[in-house]
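**Q** turn this into a structure:
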Amino acid sequence: MTSEILYIVILAIVVFGFFAQQILGYLNATWFNKPIPEILKDIYNPDKYRKQQKYKLENYRFGIISAAFSFVLIVGMLIFGGFAFVDSIAGQITENFILKPLIFFAILMFAADILGTPFAIYDTFVIENKYGFNKTTPKTFVFDKIKGWLLGGIIGGGLLSLIIWIYNLDPEYFWLYAWLVVVAFSLFMNMFYSVLIVPLFNKQTPLEEGDLKSAIMEFGEKAGFNISKIFVIDGSKRSTKANAYFSGMGPKKRIVLYDTLINEMTTNEIVAVLAHEIGHYKHKHIYKSMFASIIETGITLFIFGLFAGSDILSQALGVDEASFHIALIAFGIIYSPLSSVLGIISSVFSRKAEYQADNFAAKNALASDLISALKKLTSQNMGNLTPHPLVVFLSYSHPPVYDRVKNLMSKNTR
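**A** Numbers count the residues shown, from 1 in each chain. Reported below is the predicted structural model:
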């Protein structure tokens, strides 16, 4: 295969990916006005449902505009040699084998973020604000941006530097050493993300003594799950949307509750949500998902290692000599169809895992409370009650709320 043919393949993948995304978005939009299933009719009153329909439609239309903008940018970069141009700028600054790629990606990432900022501002301060979700202040928005840039530079830049150094040290076994580094980094971040990263953006405080904490501890003891660290995060600092999650592994695992969740739900509903999360641990979904991700990462790095040193990937993007960072860009685009297929497979298993976690809650006599919690979360977050089945199959990591409620209703309830 020549570099010219590979260039056409790359361009075709980008074009196909964009239009496939738009077709799926359109199919989903055609189901917006489907009748609400009978078992979900209590989620929205007529006024709230009309508001939710407008919210979905506005997000859909805005998504088309933002996706089209990104599409035009990437196609323009491919047609007019944008990647080669940025590479030449980085080369004028330095030819150091580590610094040059870092400058190259810094220019791309910073430019992309700046160009995307107007869309983020509109989404946050217009759409989300219009429908009562946004609590982010301009100051918080700006500081989030700055912190994101710093973290990306320190963590992303550091990891990329190490990987490039490994490649130059031993191209033949680069994939293996890089794999070990990425796995170690992923495990470290999984263990310490809530301790090191979250505090930079949100305040976490231990859950106060009281009925809620007692109920959670009591359920954890009943389920044979050691719960020693329960934290409340100030999610209301940015949005009214609610959530809860587990983080960490082993002695570092902790429960994190959004303050918005505590404010909107009863004690039994919160315990039911946590029972669902504990169900993930009981079924070892976290470790299974991590293992699958590790294997996929290894395969991806192995394939990339086979082609990283060849001229053809770099030449396809307008750079004459083999370049690690240019090859990485080209490979990322070429690999995206396979990545999408693997994503679909992952989503299938993820939805199955969600049912298993729901069933764990149901087995502990919490089905009715979890149904109530799911309905409240859907209402509070203005969730879509009637997604298109193809969109669900291709991209939903969680089953639609209708399917989850129907499954829970079939179990024994209190």
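**Q** for the helix or strand where residue 360 lies, which positions count as buried?
**A** Assigned by DSSP states H and E, residue 360 belongs to helix 324-363. Of the residues in helix 324-363, those buried under the neighbour-count criterion (16 or more other C-beta atoms under 10 Å) are 324-331, 333-334, 336, 343, 347, 350-351, 353-355, 357-362. C-betas here are computed from N, CA, C, even on glycine.
**Q** swap in stretch 12-27?
**A** 14, 17, 18, 25.
**Q** what about the last one, distance to residue 246?
**A** Just to be clear, that refers to residue 25. Residue 25 sits 32 Å away from residue 246, going by C-beta to C-beta, to the nearest Å.
**Q** do the same with the third one
**A** With distances taken as C-beta to C-beta, residue 18 is found 35 Å from residue 246.
**Q** so where do the strands sit in this protein?
**A** Counting by DSSP state E, residue ranges of the strands within the chain are 204-206, 230-233, 244-247, 254-258.
**Q** out of these, flag the one nearest residue 171.
**A** Proximity to residue 171 (C-beta to C-beta) singles out strand 244-247 among those, at 36.4 Å.
**Q** the closest one - contacts with which helices or strands?
**A** When contacts are defined as 3 or more C-beta pairs under 8 Å, 6 or more residues apart in numbering; DSSP states H and E, strand 244-247 sits against helix 174-196, strand 254-258, helix 267-282.
**Q** including distance to residue 90 and mean neighbour count, could the ones you listed go into CSV?
**A** Formatted as CSV, these follow (distance: least, C-beta to C-beta, whole Å; neighbours: other C-beta atoms under 10 Å):
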stretch, distance to residue 90, mean neighbour count
helix 174-196, 21, 16
strand 254-258, 40, 21
helix 267-282, 43, 22
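**Q** which of these comes out lowest on mean pLDDT?
**A** Ranked by mean pLDDT, the helices and strands packed on strand 244-247 bottom out at strand 254-258, which scores a mean of 86.
**Q** partners of that one in the sheet?
**A** For strand 254-258, the pairing partners within the sheet under DSSP bridges are strand 230-233 (parallel), strand 244-247 (antiparallel).
**Q** check the offset of the first one from the chain's centre.
**A** Its chain's C-alpha centre lies 21 Å from the corresponding centre of strand 230-233 when counted by C-alpha atoms, centre = their mean, to the nearest Å.
**Q** residues in contact with that strand?
**A** Residues from elsewhere that reach strand 230-233 (C-beta atoms under 8 Å, 6 or more residues apart in numbering): 194, 198, 202-207, 213, 216, 254-259, 262.
**Q** hey, where'd the helices end up in the stretch 101-250 of the chain?
**A** Counting by DSSP state H, counting those that start in this stretch, one finds helices in the stretch 101-250 of the chain at the ranges 128-130, 138-151, 157-169, 174-196, 211-222.
**Q** make TSV out of the ones you listed and add distance to residue 399.
**A** Supplementary listing: the helices of the stretch 101-250 of the chain in TSV, determined by distance: least, C-beta to C-beta, whole Å:
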stretch	distance to residue 399
helix 128-130	25
helix 138-151	31
helix 157-169	34
helix 174-196	25
helix 211-222	23
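**Q** residue 388 is nearest to which of those helices?
**A** Minimum separation from residue 388 across those (C-beta to C-beta) falls at helix 128-130, 23.7 Å.
**Q** touching the closest one from outside, list them.
**A** For helix 128-130, the surrounding residues in contact (C-beta under 8 Å, 6+ apart) are 58, 134, 239.
**Q** return the member of these nearest to residue 225.
**A** Minimum distance to residue 225 across those is 28.8 Å, recorded for residue 239 (C-beta to C-beta).
**Q** and the residue nearest to residue 335 when sequence neighbours are not counted, how far from residue 177?
**A** Across the structure, with C-beta to C-beta, 6 or more residues apart in numbering as the measure, the residue nearest residue 335 apart from its sequence neighbours is residue 300 (6.7 Å). Residue 300 sits at a distance of 15 Å from residue 177 (criterion: C-beta to C-beta).
**Q** residue 299 too?
**A** Counting by C-beta to C-beta, the gap from residue 299 to residue 177 is 16 Å.
**Q** residue 100: neighbouring residues, count only.
**A** By the other C-beta atoms under 10 Å criterion, the neighbourhood of residue 100 contains 20 residues.
**Q** what's the closest non-adjacent residue to it?
**A** Closest residue to residue 100 in three dimensions, ignoring its sequence neighbours and counting by C-beta to C-beta, 6+ apart: residue 90, at 4.9 Å.
**Q** any stretches of the stretch 101-250 of the chain with poor pLDDT?
**A** Residue ranges of the stretch 101-250 of the chain with pLDDT under 70: 250.
**Q** leaving out the residues flanking it, which one is nearest to residue 194?
**A** Nearest residue to residue 194, sequence neighbours excluded (C-beta to C-beta, 6+ apart): residue 247, at 4.4 Å.
**Q** the one you found and residue 135: what is the separation?
**A** Going from residue 247 to residue 135 by C-beta to C-beta gives 22 Å.
**Q** just residue 26 next, same as before
**A** As for residue 26, its distance to residue 135 is 32 Å (criterion: C-beta to C-beta).
**Q** which of the strands paired with strand 254-258 is buried the deepest?
**A** Mean neighbours per residue, mean count of other C-beta atoms under 10 Å, is largest over those for strand 230-233, with a mean of 20.
**Q** so can I have a markdown table of the strands paired with strand 254-258 showing distance to residue 317?
**A** Converted to a markdown table, the strands paired with strand 254-258 look like this (distance: least, C-beta to C-beta, whole Å):
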| stretch | distance to residue 317 |
| --- | --- |
| strand 230-233 | 42 |
| strand 244-247 | 38 |
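**Q** who wins for proximity to residue 383 among the ones you listed?
**A** Distance to residue 383, taken as C-beta to C-beta, is lowest for strand 244-247 among the strands paired with strand 254-258, at 15.6 Å.
**Q** residue 387 contacts residue 30, correct?
**A** No: taking C-beta atoms under 8 Å as the contact criterion, residue 387 and residue 30 are not neighbours in contact, 11.0 Å apart.
**Q** neighbour count: these two, which is higher?
**A** Here residue 387 and residue 30 are compared on neighbour count by other C-beta under 10 Å; more neighbours surround residue 387, at 20 against 9.
**Q** nearest residue to residue 363 other than its sequence neighbours?
**A** Distances taken as C-beta to C-beta, 6+ apart put residue 411 closest to residue 363, at 7.6 Å, once the chain neighbours are dropped.
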